[in-house]
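# okay, structure incoming, though there's no sequence with it:
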Ligand SMILES: [Zn+2]
């Protein structure tokens, strides 16, 4: 009749065994205990070292007999190594997305299931450094993979710029209205995601997997909805042409490509390099010109002028702006303005936003408009 025996055991005892932890910033290996709370708590004695959300935990390659884990929101090289089978099973059952980053779970299966042509192209890039292979490879990258990559890049970018998505309700409504009009004119489906980020950097960019971000710093410098609409349309052009994916393959380096080949992207520090590359360096000049033409077409189909966007970019950069993704690879903002002004008909369609919606959009990050 030992009714109390079940509850005499603490519900969440610290679990030890042989769990090793690397914090990702030093090479020091620490023996730790784990505790299953709302998140996975990693402790060294009394000292709390880290807490990982179960949904962010991913499996990494490991030798037999060991479960090796990393976490999307932890430093890229942070690792947990678990040798106790019972504990490993418990972790696997709690971490619902543990294998989300695997293409078909196993490297070899991934390659066969994906495409031999893609694998051959990667090998060509790695061995011979053929940048052209990036063009051939990009169309072969599965969209699901690109989306996962985009999600990781997304959190890196927010961390890098210390930015969050602004969500003032009226501003968000206006932004959605604007993006929806542009997206439909661009012939893109509803999988496009977009937002305004609370960074004062005057920039905008597209991420792999269908995300477009506008930085509040650029919005702050804009004087009307057409100026911003053209910028967003330009980024939609990059999405449509999958330029970010191409840029990642091109600039991401050998280890990134090997990670791509084996489906292990989250464990790769190259990914950080890659997502940095996304926003600090640039697309090819050709890709930029194409995106500009795409934007001009999108605006004209809506009966709106493209020239205001050229004026915005010139205002932001002066004559030789560089270092911003929407700007840097262009020879001169003046040339862009010329391109956008050429055969630019006067507005024939209704304004994309009412003046009240425009004011709401300007205030989307809570600053003064
Ligand atoms: Zn661009």
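That came in fine, so what should we check first? Note that this is a predicted model, so its numbers are computed, not measured.
# now residue 303: phi and psi?
With angles defined as degrees, to the nearest 10, residue 303 sits at phi 70, psi 30.
# near it, how many other residues are there?
If you count neighbours by other C-beta atoms under 10 Å, residue 303 ends up with 15. C-beta here means a position set from N, CA and C on the backbone, and glycine is covered the same way.
# now residue 82
By other C-beta under 10 Å, the residues close to residue 82 number 24.
# any idea of the pLDDT on it?
At residue 82, the pLDDT value in this model is 91.
# quick check: beta-bridge partners of it?
Beta-bridge partners for residue 82, by DSSP bridges, are residue 19, residue 67.
# so where's the chain shaky on pLDDT?
For the chain, the stretches with pLDDT under 70 are 1-17, 101-137, 140-142, 144-145, 248-282, 318-332, 367-369.
# and with 80 instead?
Scanning the chain for pLDDT under 80 picks out 1-18, 25-27, 61-64, 76-77, 99-157, 159-161, 208, 243-285, 317-334, 367-369.
# domain map for it?
Split into domains by automatic domain parsing, the chain comes to 9-94, 143-362.
# from the ones you listed, which stretch is densest packed?
domain 143-362 (a mean of 20; mean count of other C-beta atoms under 10 Å).
# now do the phi/psi pair for residue 187.
According to degrees, to the nearest 10, residue 187 has phi 70, psi 30.
# which residues touch the closest residue to it other than its chain neighbours?
Once flanking residues are discounted, residue 187 sits nearest to residue 240: 7.8 Å by C-beta to C-beta, 6 or more residues apart in numbering. Under the criterion of C-beta atoms under 8 Å, 6 or more residues apart in numbering, the neighbours of residue 240 are 186, 187, 188, 294.
# and if we set it to 10 Å?
For residue 240, the contact set (C-beta atoms under 10 Å, 6 or more residues apart in numbering) comprises 186, 187, 188, 192, 206, 210, 290, 291, 294, 298.
# from these, which land in strands?
Counting by DSSP state E, those place residue 206 in strands.
# among the contacts of residue 240, which ones lie close to the ion?
residue 291 (C-beta under 5 Å from the ion).
# in helices only, show me the contacts of residue 240.
186, 290, 291, 294, 298 (DSSP state H).
# which one of these is nearest the ion?
Proximity of the ones in helices among the contacts of residue 240 to the ion (C-beta to the ion) peaks at residue 291, which lies at 4.7 Å.
# for the closest one, which non-adjacent residue is spatially closest?
Spatial nearest neighbour of residue 291, chain neighbours left out: residue 237 (3.6 Å); criterion: C-beta to C-beta, 6+ apart.
# from memory the one you found sits against residue 295, does it?
Yes: between residue 237 and residue 295 there is a contact under C-beta atoms under 10 Å: 5.7 Å.
# what sits in contact with each of these two?
residue 186.
# and residue 284, its phi and psi?
Phi and psi for residue 284, reported as degrees, to the nearest 10, are phi -70, psi 160.
# check contacts around residue 22.
Residues in contact with residue 22 (C-beta under 10 Å, 6+ apart) are 28, 29, 30, 68, 70, 75, 77, 78, 79, 80, 81.
# so of the residues you listed, which ones are in strands?
Per DSSP E, strands hold the following members of those: 29, 30, 68, 70, 79, 80, 81.
# of these, closest to residue 154?
Using C-beta to C-beta, residue 70 comes nearest to residue 154 of the ones in strands among the contacts of residue 22, at 17.2 Å.
# look up how far residue 237 lies from that closest one.
35 Å (C-beta to C-beta, to the nearest Å).
# please apply the same query to residue 216.
Applying C-beta to C-beta, the value for residue 216 to residue 237 is 22 Å.
# who's in contact with the nearest residue to residue 352 once chain neighbours are set aside?
Distances taken as C-beta to C-beta, 6+ apart place residue 225 nearest to residue 352, at 4.9 Å, with adjacent residues excluded. Residue 225 is in contact with 174, 177-178, 181, 304, 308, 351-355, 357-358, 361-362, counting by C-beta under 10 Å, 6+ apart.
# kindly recompute the last result at 7 Å.
178, 351, 352, 353, 358 (C-beta atoms under 7 Å, 6 or more residues apart in numbering).
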